[in-house]
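1. one predicted model, sequence on top.
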Amino acid sequence: MLKGKWYQRKDLEVVNSRGDALQCSHYMPIVRPEGNPLPCVIYCHGNSGCRTDASEAAIILLPSNITVFTLDFSGSGLSGGEHVTLGWNEKDDLKAVVDYLRADGNVSLIGLWGRSMGAVTSLMYGAEDPSIAGMVLDSPFSDLVDLMMELVDTYKVRLPKFTVKFAIQYMRRAIQRKAKFDIMDLNTIKVAKSCFVPVLFGHASDDDFIQPHHSDRIFDAYVGDKNIIKFEGDHNSPRPQFYFDSISIFFNNVLQPPEDEAGSTYFDLSHDYFPKGNWSTFHELEYPDELLDSPAGPATSSTEDAIKQLRSRRPMSMIVVPADISSKDKQPDDQVESRGSDSQASSSNMISFELSGASPHGSNVPASIDDDEYVEYPLDSLADFPSNAEEEERASTISFL
C-alpha cells in the first residue's frame, strides 16, 4: 500500500531479438482509474544493477497513476545473455519491452528513466522511437572511449598514455570479435543530435566516475526539449528528494496520467515541461513555486519516508573503486563477475575493464577502467603490452599480419 492505495507487481518474461529471456516486473495499481490504460515509465538500471533498482521509481510514480516497468537487461540479474554491453545490446532489450507493452494494450504513453548505462540505453533507443513521450537520463556518458581514458587518469593508473590507447584498441578488437559491436559506436553525442524526445538530465556534481561534463556535452548537442538538474553527491549517492519531485513533475506533464476518481492530483500540470531556463539546482536552493503551491505537501513527505525505509532495507546498486590498483595481483583468465540475484546489485559478464562490487581486479588495465558499469573483458596481464613506442609499433604491425 502506498498513499492509501493498493498496488501489485507482475513478474513476467520477455524474449529479445537474440533469443535471451529477459526477467521483468511491472508495478501497477490493482484497480485502474475507470479501467483505462495507464501511462508507463520503463526504468533502465545501470551496469552493476538489476530490476530491483526501480523500487524508488515505483514509490515516486505510482501515486500519480503512472505504472513502472523494469527489467534485468541481458547479461544482468536473472536474465539470459552472455555480456553487458553498456547500452548496445541493451537498446534492443528495451525495444523488446516497448513492443511487449504496446501489444499488451494496458499502457497508453511510454516514458523512459535510465541511470548510467540505463541512461545511455534510453537515449540510444529514444532516438529511434520518437513516440516515446519523455526521458529522464541520470548520469549518462557522452563517449565510451573518452570515458575510459578519463577513468585511467582519475584513478591515477601509472601507465604511459600510448599504452592505454593500445589497451583500448586491444579491447575494441576483442569486443568486436566476441560481442559483435564496436565500442566506438557508443557515442551519445551523435545520437543526441537526432533525438527530439523531451528529456530531463540529472547529474551529481561530484561524480568522478562519469563526470558531469558528460551530461553537459550531451545536453548541448541535444535537439529536443531539454533541461538539466545538477545536485550534490557522487555517482552512487542517493538522489535528493527535490530531484525526485522534479522527475514527478516532468513525467506528469509528458505522460498526462488520469486523475483518481476523487479528483485529487498532486501536481499542477498547467505549466510547460519546466520553468523557463536551465536548473542548476543544489539542495540548498528553493523548490519551484508550482511545487510549493501544489497540494503535495503531505504526499511528498510520505513518499520521502517510504524512500528512506526502502534505502534502509536495500540500497541502490553501486560501483566500488579498488582502494589500490596494484601491479602485483593477477586475475585468473576465467574469473568473471558472478551474476547477482534479483535482490542484490547484479553485474554479469560485462564487456569492459570493469570492477563491480567490492573485489579489486588487481593489475590489469581493465581493472583500472572502472565505471558504474564498464567494460569487462579482463586482460590476462600487462606482460603482452608494449613498454615503449618501439614495442607498440612492432606489436601493432604483428596484429595486422
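-> Yes, it's here.
2. give me the neighbour count for Asn16.
-> Asn16 has 23 neighbours, counted by other C-beta atoms under 10 Å. C-betas here are computed from N, CA, C, even on glycine.
3. the residue lying closest to it once chain neighbours are set aside: which element?
-> Distance criterion C-beta to C-beta, 6 or more residues apart in numbering; nearest residue to Asn16, sequence neighbours excluded, is Ala96 at 4.3 Å. Using DSSP states H and E, Ala96 sits in helix 88-104.
4. please name every helix or strand in contact with that helix.
-> strand 7-15, strand 21-29, strand 38-44, strand 67-71, strand 107-115, helix 117-126 (3 or more C-beta pairs under 8 Å, 6 or more residues apart in numbering; DSSP states H and E).
5. after the longest one comes which helix or strand?
-> Translated: helix 117-126. strand 134-138.
6. right, and the residue nearest to Asn16 touches Leu12 too?
-> No. Counting by C-beta atoms under 8 Å, Ala96 stays clear of Leu12, with 11.9 Å between them.
7. neighbour count: the two, which is higher?
-> Ala96 (19 against 13).
8. buried residues, stretch 235-252. List them.
-> Residues of stretch 235-252 classed as buried: 235-236, 239-252 (neighbour count, 16 or more other C-beta atoms under 10 Å).
9. shaky segments in the stretch 301-401 of the chain?
-> Within the stretch 301-401 of the chain, the stretches with pLDDT under 70 are 301-302, 311-312, 314-316, 319-401.
10. same question for the chain.
-> Ranges of the chain meeting pLDDT under 70: 1-4, 155-159, 161, 261-302, 311-312, 314-316, 319-401.
11. gap between Asp93 and Phe251?
-> From Asp93 across to Phe251, the span is 22 Å (C-beta to C-beta, to the nearest Å).
12. same check, this time on Leu200
-> Separation of Leu200 from Phe251 (C-beta to C-beta) stands at 9 Å.
13. which neighbours do those two have in common?
-> The contact sets of Leu200 and Phe251 overlap at 134, 136 (C-beta atoms under 8 Å, 6 or more residues apart in numbering).
14. out of the helices and strands packed on helix 88-104, deepest packed?
-> helix 117-126 (a mean of 30; mean count of other C-beta atoms under 10 Å).
15. got the angle between it and helix 88-104?
-> 60 degrees (axes from the mean of the first three to the mean of the last three C-alpha atoms, to 10 degrees).
16. just the CA atoms of helix 117-126, as CSV, please.
-> Extracted in CSV, the C-alpha atoms of helix 117-126 (Å, rounded to 0.1, in the frame of the first residue of the first chain):
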residue,chain,number,x,y,z
MET,A,117,24.3,2.6,-18.6
GLY,A,118,20.5,2.7,-18.4
ALA,A,119,20.5,6.4,-19.4
VAL,A,120,22.7,5.7,-22.4
THR,A,121,20.4,2.8,-23.4
SER,A,122,17.3,5.1,-23.1
LEU,A,123,18.9,7.8,-25.2
MET,A,124,20.0,5.4,-27.9
TYR,A,125,16.5,3.9,-28.1
GLY,A,126,14.7,7.2,-27.8
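17. what angle separates it from strand 38-44?
-> Going by the same axes, to 10 degrees, helix 117-126 makes 120 degrees with strand 38-44.
18. any idea how many residues pack against Pro212?
-> Using other C-beta under 10 Å, Pro212 is surrounded by 17 other residues.
19. list the residues that contact it.
-> Taking C-beta under 8 Å, 6+ apart, we find Pro212 in contact with 203-205, 230.
20. Ser317: which of the residues you listed is nearest?
-> Ala204 (15.3 Å; C-beta to C-beta).
21. may I have the phi/psi pair for the closest residue to that closest one other than its chain neighbours?
-> Leaving aside its sequence neighbours, Ala204 sits nearest to Gly233 (C-beta to C-beta, 6+ apart; 4.0 Å). With angles defined as degrees, to the nearest 10, Gly233 sits at phi 130, psi -170.
22. contacting residues for Gly233?
-> Counting by C-beta under 8 Å, 6+ apart, Gly233 touches 204-207, 239-240.
23. okay, the residues you listed in TSV with secondary structure next?
-> Converted to TSV, these look like this (DSSP: H, G, I helix; E, B strand; the rest coil):
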residue	secondary structure
Ala204	strand
Ser205	coil
Asp206	coil
Asp207	coil
Arg239	coil
Pro240	coil
